[in-house]
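*Asks:* need coordinates for the following:
(one chain, ligands or ions: 2)
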Amino acid sequence: MKIKKICCIGAGYVGGPTMSVIASQCPEIQVTVVDLSKERIDLWNHSDLDKLPVYEPGLKELVAKTRGKNLFFSTEIDTAIDEAEMIFISVNTPTKTYGKGKGQAADLKNIELCARNIAKVAKTNKIVVEKSTLPVRTAQAIKSILDNTGNGVDFEILSNPEFLAEGTAVDDLLNADRVLIGGAETPKGQAAKDALSSIYENWLPKDRILQTNVWSSELSKLVANAFLAQRVSSINSISALCEKTDANVAEVSRAIGYDSRIGSKFLNSSVGFGGSCFQKDILNLVYIAQSYGLQEVADYWEQVIIMNDYQKRRFAENIVTTLYNTVSGKKIVFYGWAFKKDTNDTRESAAIYVADALLDEKAEIVVYDPKVPEAQVYADLDYLGTRSPEENRRLLKVVNDPMEASKKAHAIAILTEWDEFKAYDWKSIYENMLKPAFIFDGRRLLEKEIMEAIGFDYYKIGQS
Ligand code: UDX
Ligand code: UDX
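*Replies:* Ligands and ions are numbered 1, 2, ... in the order given. Here you go, the predicted structure:
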């Protein structure tokens, strides 16, 4: 079966870049990305490509090349579903904030809404592809909704989890290590898997496209993120030990990473991992393990999150202790708010939690991030509900000029590893600041010797 029309529900961080890459690599396929949010779709259609709702290196070039030709962004969800042979679901699946599984399980409300909508609209057979990260066995629920409420047409459900990382999404899609396609082990299931596989084969070698059953595919996504996050928590646990023992965490990472069995990636100690996926997916894994009575398995993975929370708390506490046990009324400048460099995404960013802890101590925080707008910073803090929106705005300011921000600051905390921070004129920053001038480097971005030679009191995660 050759796919000619694709619909993707959800024009977010996953849906937007993924569909842009498919459209650019498969000119003969018409791709329509739909979303409930008119505002988001309008931004995807904006004539100024710098206004796209997702910032990813290389993305605007792809959109420029394909938009209006074979890539369309629309709010006409029903029409797009009706016309497509293959429908990707890439709506968000946040951690539940209510009811059973609150704080752990994934909220599948959006997924179910999508399934019911597809069932209502579809008049021809459809292949439905789960792109969103979902708990293992969700495909069964989707299938049941589609089969029981549909118009008697045939639905094949595939799981095709996304492994792109933000900031490198386009490259991760174009040069994927692997693509995973899970589907039913039946002739129809096989045909659906092959149809999806043939789309990826337009730009990826066939041996990188792995086919599995649906459940392995769903679970593998959670496990991949859990393993990656576990590496970060593991090295962060060691960073605390390094700070006490005069070992240097970078040297430890390098020493162990050279062992090809361990490998060198994801061993950078930091102020803690963030992002929309790691915490959510591990919580989800923990919840699933618990719901099958596997308490030891649940506890094992939960520790990855406990360690991450500890790392963020430890960073904030070190700032307070070092600034003579009080930050009340002191100006602390945050360089970076995004959860990592090269993205405007702030979901679960360590910066939010470090700010919250310091605001509790009545610090005055000034935030500079090259990509994150003011409104987002406040939205992140307000969402925590720790203090009133007015108080958040009184105690924390967001600015556009990093040099200006450093004037009369007591300390600078580096929360995101933006490259531009390395190139700053740190001598001038030092002169701008109150003395002693402190830097707390949560990303191990700067050179200790150079900073100390300028005159800074410089603290780096994982180094005494
Ligand atoms: C994705 C995945 O889908 C999620 O499962 C994964 O774990 C993280 O990444 P993401 O693309 O980052 O989510 O989410 P987001 O940027 O919030 O985009 C989702 C879009 O879906 C939003 O634009 C939202 O408006 C839209 N949506 C949501 C719908 O169109 N319909 C719905 O019913 C719900
Ligand atoms: C992750 C997975 O990498 C991707 O495959 C999956 O599809 C979605 O989740 P993402 O959240 O975009 O991608 O970013 P990632 O690069 O994995 O970083 C996650 C967090 O870990 C960031 O806060 C990052 O700064 C932190 N990190 C990563 C470290 O602190 N140290 C490292 O060595 C690597």
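*Asks:* gap between the single nearest residue of the chain relative to ligand 1 and Y287?
*Replies:* Closest contact between the chain and ligand 1, by Cβ to the nearest ligand atom, is at G12 (1.8 Å). Where C-beta positions appear, they are placed from N, C-alpha and C, glycine not excepted. The gap separating G12 from Y287 is 23 Å, by Cβ to Cβ, to the nearest Å.
*Asks:* which residues of the stretch 351-464 of the chain lie near ligand 1?
*Replies:* By Cβ under 6 Å from any ligand atom, no residue of the stretch 351-464 of the chain approaches ligand 1.
*Asks:* ok so, going back, report the secondary structure state of the residue nearest to the residue of the chain closest to ligand 1 when sequence neighbours are not counted.
*Replies:* Once flanking residues are discounted, G12 sits nearest to N92: 6.2 Å by Cβ to Cβ, 6 or more residues apart in numbering. The assignment at N92 comes out as coil when based on DSSP: H, G, I helix; E, B strand; the rest coil.
*Asks:* most remote residue from the protein's center?
*Replies:* The C-alpha centroid of the chain is most remote from G152, which lies 37.6 Å away (Cα atoms, centre = their mean).
*Asks:* need phi/psi at that one.
*Replies:* The phi and psi values for G152, taken as degrees, to the nearest 10, are phi 80, psi 10.
*Asks:* if we can go back for a sec, so who does the residue nearest to G12 touch?
*Replies:* Each residue near N92 by Cβ atoms under 8 Å, 6 or more residues apart in numbering is listed here: 10, 12, 110, 132, 276.
*Asks:* for the stretch 201-350 of the chain, which residues are neighbours of ligand 2?
*Replies:* Listed as neighbours of ligand 2 in the stretch 201-350 of the chain under the rule Cβ under 6 Å from any ligand atom: 225, 228, 232, 266-268, 270, 273-275, 277-278, 339-340.
*Asks:* and these, which is the shakiest by pLDDT?
*Replies:* Within those, pLDDT reaches its minimum at C277, with 91.
*Asks:* could you report the neighbour count for that one?
*Replies:* Here the number of neighbours of C277 (other Cβ atoms under 10 Å) works out to 25.
*Asks:* same thing with S237?
*Replies:* 16.
*Asks:* test my guess that it contacts N308.
*Replies:* No - using Cβ atoms under 8 Å, S237 is not in contact with N308; the gap is 9.8 Å.
*Asks:* the helix or strand bottoming out on mean pLDDT in the chain near ligand 1 anywhere?
*Replies:* Every helix and strand of the chain was ranked by mean pLDDT, DSSP states H and E. The lowest is helix 138-149, at a mean of 90. No - applying Cβ under 6 Å from any ligand atom, one finds helix 138-149 separated from ligand 1 by no less than 10.5 Å.
*Asks:* quick one: contacts of that helix?
*Replies:* In this structure, residues lying in contact with helix 138-149 by Cβ under 8 Å, 6+ apart are 108, 111-112, 115-116, 118-120, 122, 128, 130, 155, 157, 159, 182, 214-215, 218.
*Asks:* just the buried subset of those residues, please.
*Replies:* In these, burial by neighbour count holds for 108, 111, 115, 118-119, 122, 128, 130, 155, 157, 159, 182, 214, 218, counting by 16 or more other Cβ atoms under 10 Å.
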